[in-house]
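Trainee: Quick one: sequence and predicted model below, then my questions.
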Amino acid sequence: MKFSYIRLKSETPEGILYASARPVIPIKVWHEQKSVRYEALVDSGADISMFHAELAEVLGINLKQGKEISLYGIGHGQSKGYVHDIEIEIGGWRVPCFAAFCSDLIRPDPLNPGRKQGLHYGILGQDGFFDKFVVKFDRKVEQLEITPKSS
């Protein structure tokens, strides 16, 4: 299935508008019988898939019953996350995986590193996503293609 990158608009404190194209795709996150439609950044540099802790609550997951891990690069240095088994659905394909849920999921403003913004999407990383799907990025046309790996 092919997905177009989305353009995220933002503004610097000086009032300069900018937009960056990112491979953010629509997904469904499942836990037991509950599901939530969500968007997620396909991030080959992320070790693990991650979602905001509030999503765990919506799915009925007891956050702190998961395995506690340290996460780096998503917040102010080191952040705490809790790993849980979930399922993700992309383009009609539903696969079991695991993900870390973290309340510090933020992103820096690229034009003002000291200013932080809330991350409005999850992150699909190496463990829990890239091990389940073949992903082809085409930055020039701002599109990615995702297909499930054969069992």
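Mentor: Here it is on my side, so go on. Residues are numbered from 1 along each chain as shown.
Trainee: Every contact and neighbour count from this point should use C-alpha atoms.
Mentor: Noted.
Trainee: pLDDT on the longest strand along the chain, on average?
Mentor: As assigned by DSSP state E, the longest strand anywhere in the chain is strand 77-90. The predicted model assigns strand 77-90 a mean pLDDT of 89.
Trainee: Tell me the helices and strands packed up against it.
Mentor: Counting contacts by 3 or more C-alpha pairs under 8 Å, 6 or more residues apart in numbering; DSSP states H and E, strand 77-90 packs against strand 24-31, strand 67-75, strand 93-102.
Trainee: Partner strands of it, with direction?
Mentor: Neighbouring strands of strand 77-90 in its sheet, by DSSP bridges, are strand 24-31 (antiparallel), strand 67-75 (antiparallel), strand 93-102 (antiparallel).
Trainee: Adding mean neighbour count, write those out as CSV.
Mentor: Below are the strands paired with strand 77-90 laid out as CSV (neighbours: other C-alpha atoms under 10 Å):
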stretch, mean neighbour count
strand 24-31, 20
strand 67-75, 15
strand 93-102, 20
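Trainee: Out of the helices and strands packed on strand 77-90, point me to the one whose mean pLDDT is lowest.
Mentor: Of all these, strand 67-75 has the smallest average pLDDT, which comes to a mean of 77.
Trainee: For residue 80, which non-adjacent residue is spatially closest?
Mentor: Nearest residue to residue 80, sequence neighbours excluded (C-alpha to C-alpha, 6 or more residues apart in numbering): residue 70, at 4.9 Å.
Trainee: Revised request: answer the last question for residue 98.
Mentor: Nearest to residue 98 is residue 85, by C-alpha to C-alpha, 6+ apart, at 4.3 Å.
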